[in-house]
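1. With the input below, show me the fold.
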Amino acid sequence: MMPRPQALNAIRADTQSLGFDMGSPELTGSLLCTLAASKPGGRLLELGTGTGLATAWILKGMSADSTLLTVDTDAQATAVAKKHLSEDARVTIKTQDGLELLKALQGESFDFIFADTWPGKIDKPELALDLVAPGGIYIVDDMQLGWKEQIERPVTDLILGVWEGQRRLMKLLETRTDFVCTSLEWSTGIMICTKKASIT
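-> Prediction:
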């Protein structure tokens, strides 16, 4: 495992105090850091800031001339991210509906999109996919639920909704000839998709 982001321990402490339990694990963070480093001078987008755990890893991998736009609807969670990360001029942290932001961004392009919330992954993933620049990457996590026929927690309507959203996303990606994708049964379940520079 590579060295952790400097702010990670403080973010984790505030995350625990807040009772927020949906942050990305360090395995996912390390992968995001590695992928972010592959886009020097890039435009990066994170859907689902949370308290900034994954955001910190993305920033650690980014070059000095890259920029990161990250969004979440949870004002309490994004307040933690802003507290620890907003001094980094490369990042813009927005507290708003992710779907509204995706609609407003149509016509623009990003070299890296990490979708860690419903908008852009479970809800209207095509809006995020259409923003990926040729050669850019689209990453989603928390895909493991859809691979497990049995899980330890109760199967709630929310989990059923996630499973259905995962199936819709995978079906959509199967029809998108402009992307190549790999699924990894690792960490929380990762899917990495790269947009082709040209369709062959």
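2. tell me the SS of the most centrally placed residue in the chain?
-> For the chain, the residue sitting closest to the mean C-alpha position, by C-alpha atoms, centre = their mean, is Phe114 at 2.6 Å. Three-state call for Phe114 (DSSP: H, G, I helix; E, B strand; the rest coil): strand.
3. Name whatever forms a beta bridge with it.
-> Taking DSSP bridges as the rule, Phe114 bridges to Glu46, Ile139.
4. Kindly provide the distance from it to Ser17.
-> 25 Å (C-beta to C-beta, to the nearest Å). To be clear about C-beta, it is placed using only N, CA and C from the backbone, and glycine gets the same treatment.
5. Glu87 too?
-> 21 Å.
6. Mind picking out the helix or strand in the chain with the poorest mean pLDDT?
-> Across the helices and strands of the chain, mean confidence by mean pLDDT, DSSP states H and E is lowest for helix 157-175: a mean of 79.
7. I'd like the next helix or strand past that helix.
-> Sequence-wise, the next helix or strand downstream of helix 157-175 (DSSP states H and E) is strand 179-184.
8. give me phi/psi at Ile93?
-> phi -110, psi 120 (degrees, to the nearest 10).
9. for Pro125, same thing?
-> On the backbone of Pro125 - angles per degrees, to the nearest 10 - the values are phi -60, psi -30.
10. show me what contacts it?
-> Ala115, Arg168, Leu169, Leu172 (C-beta atoms under 8 Å, 6 or more residues apart in numbering).
11. at 7 Å what do you get?
-> Applying C-beta atoms under 7 Å, 6 or more residues apart in numbering, we find Pro125 in contact with Leu169, Leu172.
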